[in-house]
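1. structural data only, the sequence is not supplied:
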């Protein structure tokens, strides 16, 4: 058989693999995951779990798309939005002071927590703003459904 025939077969196989991979369902959690989601869950999963009489692992799984649909729906209805503020490290690139504010459906109900985020765990866009724009504070909005 000629080299052209094998090249054609290879192209068809690669094309078929691409089509199948795009139609194959994503592993649970990939669509909603990311560094910002990880920061939010690290800061709020325990508080949300206590508020909703669940375990923190159940909260994480629901947010990442691998858990209870009912718990996810409840989170979507109760958590109006989250703002995450990253404060640039004073020296170098080590850790950032992080403030996470969670607004619930009830306007009088909110939660604020402070934590430290390792430089490598800060979302890429936030790190880029710190470096490129030389700002000391960057905020991001996050929603359960987003």
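-> Looks like it arrived, so ask away. Model, not experiment: these values are computed from the prediction.
2. which element, helix or strand, includes the residue positioned nearest the centre of the chain?
-> Central residue of the chain (CA atoms, centre = their mean): residue 37, 2.4 Å from the mean position. Element membership for residue 37 (DSSP states H and E) is helix 35-51.
3. any idea of the mean pLDDT for that helix?
-> Regarding helix 35-51, the rounded mean pLDDT is 94.
4. now it: buried residues?
-> Residues 35-37, 39-45, 48-49, 51 are the ones in helix 35-51 that count as buried (16 or more other CB atoms under 10 Å). Using the backbone N, CA and C atoms, a C-beta is placed for each residue, glycine as well.
5. same list, those, but as JSON lines with distance to residue 106 please.
-> Output for these, formatted as JSON lines (distance: CB to CB, whole Å):
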{"residue": "35", "distance to residue 106": "29"}
{"residue": "36", "distance to residue 106": "24"}
{"residue": "37", "distance to residue 106": "24"}
{"residue": "39", "distance to residue 106": "24"}
{"residue": "40", "distance to residue 106": "19"}
{"residue": "41", "distance to residue 106": "22"}
{"residue": "42", "distance to residue 106": "24"}
{"residue": "43", "distance to residue 106": "20"}
{"residue": "44", "distance to residue 106": "16"}
{"residue": "45", "distance to residue 106": "20"}
{"residue": "48", "distance to residue 106": "14"}
{"residue": "49", "distance to residue 106": "18"}
{"residue": "51", "distance to residue 106": "11"}
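6. residue 117: which of those residues is nearest?
-> When the buried residues of helix 35-51 are compared for distance to residue 117 (CB to CB), residue 39 wins out at 5.7 Å.
7. so that closest one touches residue 99, yeah?
-> No: look at residue 39 against residue 99 with CB atoms under 8 Å: they stay out of range, at 10.8 Å.
8. what's the helix holding residue 37 in contact with?
-> Under the criterion CB atoms under 8 Å, 6 or more residues apart in numbering, residues 54-56, 58-60, 63-64, 75, 78-79, 82, 84, 98, 100, 102, 111, 113, 115, 117, 121-124, 140, 142 lie in contact with helix 35-51.
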